[in-house]
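Peer 1: whatever this is, show me its structure:
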Amino acid sequence: MTRETPPGGPEGADGANGAELDVSLRHLLARAVIIEERVRRAVELRRATDPHPDDEFRGLYLNDEAVLRLLEEGRSLPAPSETERDRLSEAESGADATSRLHALAREFALSALDVDILLISLLPDLDERFEAFYGYLNDDVTRRRPSAGLALGLCGMPPADSTARARLHPLSPLRAGGLLLVEEPERPFLARALRVPDRVTAHLLGDDTPDPRIADLLVPRPDVPGVGDPAPLARALGDGVRLAYLREDQGGAGTSLAASALIRSGRTPLGVDLHRLAEDPNTTEAVRVLTREARLTGAGLVCGPVDALLPEKVAAIRQLAEADAPVILVGRAPWDASWSKHPPLLLQAPRVEPTARAGLWKASYSGDVPSDLDLTRTLSPFLLTPDQIAGAARATSQTAALSGSGLTPDHVRAGARAQNAAGLDRLARHIEPAVGWDDLVLPPNPLAQLRELTARARHRDRVLGEWGMRPGGGRGRGVTALFAGDSGTGKTMSAEVIAADLGLDLYTVDLSTVIDKYVGETEKNLERIFTEAAGINGVLLFDEADAIFGKRSEVKDAHDRYANVESAYLLQRMETFDGLAILATNLRANLDDAFTRRLDLVIDFPLPEAAERLVLWQRCLAPLLPHAEGLDLDFCAESFELAGGNIRSIAITAAYLTAESGSPVAMRDLIHAVQREYQKLGRLTLASEFGPYLAQLS
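Peer 2: I've put the predicted structure just below:
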């Protein structure tokens, strides 16, 4: 430590930051030199009292003479001299209050004895000579770090002093803060080795690279403007509030608001992904390192979503809530008082409204945005957080670059869909929409209702959020509709068209994953679906909805009572859902009347008329399918009263017949396919329907 102090900070440091690191390093080395003098005096005293100081096997064995000497003389280390105390006062008075050692002592409430112990333990990592010094003083060349007894002795403290020993207790500032490790617990207390973690050493030397233990848990904060006013939360943090909980809905700006408030209060936000923390095999150690990282760098922890730790990792929430650093938790679950001994500051995070999404998106997009691209309208169906909007913009840049063309609304929608979680794919069937409005063949009234439903989904945030048209009652901003009609009338296809128009994915709920014979399990399965659906931007389709949304009945036995409980749960859950849900049923009369009141639209899908059936026949017989002359599609449309799904099935059957025979589709193939469809439907083959083509059936 007598070598010359470096003239400046670490490479790359300049200006005020470089000067601060220079002061910190000089102060640290000045304090280390004082500890070096104590070690030097201890070594000299040890050699003066050692009858064989040049024994090459010193520290590897104890002979009889050494044992007798220990019994007769004992061994003590010199207390700090007056000169050392004067130099300590000089080093402290000449140090800037912003030096890292000063800041560390202030943040972790370290006493003067704590700082000395920390420096004694740190010296082998600053100067390799001290490994040999400590091996000599420990009388064991294999133990090259200071022991607890040696450290106390170098500080001039008796080894039996309870106050001094308490500075090495697991709950002491040094150990509880993660600044000092006491190793080899199987040894007696005074013989246990002391070590400073590498991250603490690096921090004192000016390096603030995060600890590798938590590198995967940290989330970089996107450089996008925040949403909402961070001033109230910043004032609370400045007044000493250490714990806050921001509850948010889908598309909320909790993490962005928390980061902005920390910056305004003078702290750096340290984002923590609680999804990754939930997968960590040792969450206790991870949270301890996260807390130390925040305290070392003067940062505050922004942790979300809390829901990722429920219910298995509640202990991690408690540990975060009790951390000795400013912590802002973000989640959708209501705050549980059992999570913390001290009540947090509870706030509702704002949602990113449609008018703000375009600005956040543009701030993160690296290319040029065409003037005719209406970002507000394109992004309006997507409930995204500021972080997700930034990610969507980056994904859009890649998609647009891959296409080689200019930016289009489809690129923007694809980037937004890329932010969806994949959890719902395990509970519902994912359908990528491949049809549009031109593919629908419906009467004018249901077609107009479908467009109204699309408009509701696109503008719900403005109407229900900004304009406040659905106040009170804990109601969500969801849009729900009922599609009622016979099988094959276009209910599922209509849902796909709506999803395509909005740029969303379609998820069809599989009833086999929902219905359970055990009491209460169906509700749990539905709750999992609604919870996962809240994390994605998509259209949720419940096909054959009457199976789970049936009418409540008079209670005659336990089965009726639990069936009614299931229906009542669904009534409440649908009302608080924030997404777009479509119920499809063939039996509208079987649905509970209370559901009808909670629906935004009820759309009836009638069987197609002759003119509509003709269009369906023409579209289902695709242009690529070889056609024979004389296909009488007008006759098929007039004679066979079938739904669109049945006509599509007939066309596919005829196509297989054509593929087998090798000849174009003829009227004979269509009539045969119609007969097969009638057999499936259980309908009779009547001469009045088949007319002149009846003979072709034989």
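Peer 1: excluding chain neighbours, what is closest to residue 684?
Peer 2: Leaving aside its chain neighbours, residue 684 sits nearest to residue 678 (7.4 Å; criterion: CB to CB, 6 or more residues apart in numbering). For glycine as for every other residue, the C-beta is placed from the backbone atoms N, C-alpha and C.
Peer 1: which SSE is that neighbour in?
Peer 2: Secondary structure from DSSP states H and E places residue 678 in helix 667-681.
Peer 1: just the CA atoms of that helix, as PDB, please.
Peer 2: In PDB, the C-alpha atoms belonging to helix 667-681 read as follows (Å, rounded to 0.1, in the frame of the first residue of the first chain):
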ATOM      1  CA  MET A 667     -72.500 -31.600 -61.000                       C
ATOM      2  CA  ARG A 668     -72.500 -35.300 -60.300                       C
ATOM      3  CA  ASP A 669     -69.700 -34.700 -57.700                       C
ATOM      4  CA  LEU A 670     -71.600 -31.800 -56.000                       C
ATOM      5  CA  ILE A 671     -74.800 -33.900 -55.800                       C
ATOM      6  CA  HIS A 672     -72.900 -36.800 -54.300                       C
ATOM      7  CA  ALA A 673     -71.300 -34.500 -51.700                       C
ATOM      8  CA  VAL A 674     -74.700 -33.000 -50.800                       C
ATOM      9  CA  GLN A 675     -76.000 -36.500 -50.200                       C
ATOM     10  CA  ARG A 676     -73.100 -37.200 -47.900                       C
ATOM     11  CA  GLU A 677     -73.800 -34.000 -46.000                       C
ATOM     12  CA  TYR A 678     -77.500 -34.800 -45.700                       C
ATOM     13  CA  GLN A 679     -76.500 -38.200 -44.200                       C
ATOM     14  CA  LYS A 680     -74.400 -36.400 -41.600                       C
ATOM     15  CA  LEU A 681     -77.200 -34.100 -40.700                       C
END
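Peer 1: quick check: buried residues in stretch 193-207?
Peer 2: 193, 194, 195, 196, 197, 199, 200, 203, 204, 205, 206 (16 or more other CB atoms under 10 Å).
Peer 1: ok, and what's touching it?
Peer 2: Contact with stretch 193-207 is made by 9-10, 13, 21, 24-25, 28, 100-101, 104, 117-118, 120-122, 125-126, 143, 145-148, 151, 168, 178-184, 208-209, 211, 289, 292-293, 296-297, as judged by CB atoms under 8 Å, 6 or more residues apart in numbering.
Peer 1: narrow those residues to those in strands?
Peer 2: 181, 182 (DSSP state E).
Peer 1: only whichever of the contacts of stretch 193-207 are buried, select them in PyMOL.
Peer 2: In PyMOL, a selection of the buried entries from those looks like this (16+ other CB under 10 Å):
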select buried, resi 9+21+24+25+28+100+101+104+117+118+120+121+122+125+126+143+145+146+147+148+151+168+178+179+180+181+182+211+289+292+293+296+297
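Peer 1: tell me which of the contacts of stretch 193-207 fall in helices.
Peer 2: Taking DSSP state H, the ones among these that sit in helices are 21, 24-25, 28, 100-101, 104, 117-118, 120-122, 125-126, 148, 151, 289, 292-293, 296-297.
Peer 1: which residues of the stretch 151-300 of the chain fall in helices?
Peer 2: Taking DSSP state H, counting those that start in this stretch to define them, one finds helices in the stretch 151-300 of the chain at 162-166, 173-176, 198-204, 231-238, 254-264, 274-279, 283-297.
Peer 1: now for the fifth one, which elements pack on it?
Peer 2: Spelled out, it's helix 254-264. Under the contact criterion of 3 or more CB pairs under 8 Å, 6 or more residues apart in numbering; DSSP states H and E, helix 254-264 touches helix 231-238, strand 243-247, strand 268-273, strand 299-304, strand 327-331, helix 386-403.
Peer 1: check the first one too.
Peer 2: In terms of contacts (3+ CB pairs under 8 Å, 6+ apart), helix 162-166 is packed against helix 148-154.
Peer 1: okay, now the unreliable bits of the stretch 501-650 of the chain?
Peer 2: Within the stretch 501-650 of the chain, the ranges that satisfy pLDDT under 70 run 511-513, 547-567, 592.
Peer 1: on that earlier part again, burial of the residue nearest to residue 684, as a residue count?
Peer 2: Residue 678: 19 surrounding residues under other CB atoms under 10 Å.
Peer 1: measure it to residue 639 for me?
Peer 2: 12 Å (CB to CB, to the nearest Å).
Peer 1: what's the answer for residue 304, then?
Peer 2: Distance of residue 304 to residue 639, computed by CB to CB: 62 Å.
Peer 1: which one of the two is surrounded by more residues?
Peer 2: residue 304 (26 against 18).
Peer 1: quick check: the more buried one vs residue 256, distance?
Peer 2: Distance of residue 304 to residue 256, given as CB to CB: 11 Å.
Peer 1: which strand or helix spans residue 359?
Peer 2: Judged by DSSP H and E, residue 359 forms part of helix 354-364.
Peer 1: okay, buried residues for the following helix or strand past that helix please.
Peer 2: Sequence order places helix 375-379 as the next helix or strand after helix 354-364, per DSSP H and E. For helix 375-379, the neighbour count (16+ other CB under 10 Å) marks 375, 378, 379 as buried.
Peer 1: leaving out chain neighbours, which residue sits closest to residue 594?
Peer 2: Counting by CB to CB, 6+ apart, residue 594 lies nearest to residue 571, which is 5.4 Å off, once chain neighbours are set aside.
Peer 1: was I right to think the one you found contacts residue 598?
Peer 2: Yes. The pair residue 571 / residue 598 is scored as a contact, 6.8 Å apart, by CB atoms under 8 Å.
Peer 1: so, low pLDDT: which residues of the stretch 1-150 of the chain?
Peer 2: Using pLDDT under 70, the stretch 1-150 of the chain drops low at 1-21, 49-98.
Peer 1: just name the closest of the buried residues of helix 375-379 to residue 246, please.
Peer 2: Using CB to CB, residue 379 comes nearest to residue 246 of the buried residues of helix 375-379, at 22.8 Å.
Peer 1: who's in contact with that closest one?
Peer 2: Here residue 379 is in contact with 354, 357, 358, 361, 389, 412, 416 (CB under 8 Å, 6+ apart).
Peer 1: rerun at 7 Å
Peer 2: When contacts are counted by CB atoms under 7 Å, 6 or more residues apart in numbering, residue 379 touches 354, 357, 358, 361, 412, 416.
Peer 1: that one and residue 267, how far apart?
Peer 2: 31 Å.
Peer 1: just residue 669 next, same as before
Peer 2: In terms of CB to CB, residue 669 sits 75 Å off from residue 267.
Peer 1: which one of those two has more residues nearby?
Peer 2: residue 669 (24 against 21).
Peer 1: wait, residue 259 sits on residue 269?
Peer 2: Yes. The pair formed by residue 259 and residue 269 meets the contact definition of CB atoms under 7 Å, at 3.9 Å.
Peer 1: list residues touching both of the two?
Peer 2: Shared contacts of residue 259 and residue 269, counting by CB under 7 Å, 6+ apart, come down to 221, 302.
Peer 1: more crowded one of those two?
Peer 2: The neighbour comparison of residue 259 against residue 269 (other CB under 10 Å) goes to residue 259, with 26 against 22.
Peer 1: roughly how far does that one sit from residue 154?
Peer 2: 44 Å.
Peer 1: cool, residue 139 as well?
Peer 2: From residue 139 over to residue 154 (counting by CB to CB), the distance is 15 Å.
Peer 1: looking at these two, which is more packed in?
Peer 2: Applying other CB under 10 Å to residue 139 and residue 154 shows that residue 154 carries more neighbours, namely 24 against 16.
Peer 1: measure how buried residue 413 is and give me the count.
Peer 2: When neighbours are counted by other CB under 10 Å, residue 413 comes out with 22.
Peer 1: does it really touch residue 502, like I thought?
Peer 2: No. Taking contacts as CB under 7 Å, residue 413 lies outside contact range of residue 502: 8.2 Å.
Peer 1: compute the first-to-last residue distance for stretch 133-143.
Peer 2: 10 Å (CA to CA, to the nearest Å).
Peer 1: cool, and stretch 529-546?
Peer 2: End-to-end distance for stretch 529-546: 17 Å, by CA to CA.
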